[in-house]
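K.L.:
Fold the stuff below for me.
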Amino acid sequence: MHTTTPLTVELTGSSTARHGQYEVNTAKGKTYKDPVCPLARLLIAEGFDPDTLVHVVRDWDGKGPKAVFKRDLRLSYWADHDYVDTNDKSAHRRKYVPFVAGMGVSRASAGSEAPAHPADLEHA
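P.N.:
Here you go, the predicted structure:
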């Protein structure tokens, strides 16, 4: 069951998503990947409830954060997908497939700054 208060994820730029002390930057990848999905996987690996609703915001005009999407979606939805934009194809959703089963969040799926395994994460 999801909590009544959505978890807020802030987008900064086109490649960084943040929730509290957790941040993912996908700028160093070979293709553009939206950062919300890898952040969702990281949060679940850190023990957040997959049924929690996620409210994604961005400060578009310097007047404070505004909703990016019409609806809040569950953390598990974001974690199960990737949004990828390549040179020959516009942004599209695809099912997330981990590189190595059982290894948790990989460097490639959580951005170049993330450790290879959630147990190696350092908290701020």
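
K.L.:
got any ranges where the protein has weak pLDDT?
P.N.:
1-4, 29-32, 86, 91-93, 96-97, 99-124 (pLDDT under 70).

K.L.:
isn't T16 right next to Y22, touching?
P.N.:
No. Contact between T16 and Y22 fails when scored by CB atoms under 8 Å: they sit 11.4 Å apart. For the C-beta atoms, the positions are set from N, CA and C on the backbone; glycine is no exception.

K.L.:
Common neighbours of the two, please.
P.N.:
With CB atoms under 8 Å, 6 or more residues apart in numbering applied, the contact sets of T16 and Y22 do not overlap.

K.L.:
OK, contacts around the closest residue to A27 other than its chain neighbours?
P.N.:
Take A27 and drop its neighbours on the chain: the residue closest to it by CB to CB, 6 or more residues apart in numbering is S15, 3.9 Å away. The contact partners of S15, by CB under 8 Å, 6+ apart, come to N25, T26, A27, Y32, P35.

K.L.:
Taking those together, which two end up most distant?
P.N.:
Across these, the longest distance by CB to CB is 12.1 Å; it joins N25 and Y32.

K.L.:
which one of the two has more residues nearby?
P.N.:
N25 (20 against 16; other CB atoms under 10 Å).

K.L.:
What's opposite the more buried one in the beta bridge?
P.N.:
T16 (DSSP bridges).

K.L.:
nearest spatial neighbour of V56, skipping sequence neighbours?
P.N.:
V68 (4.4 Å).
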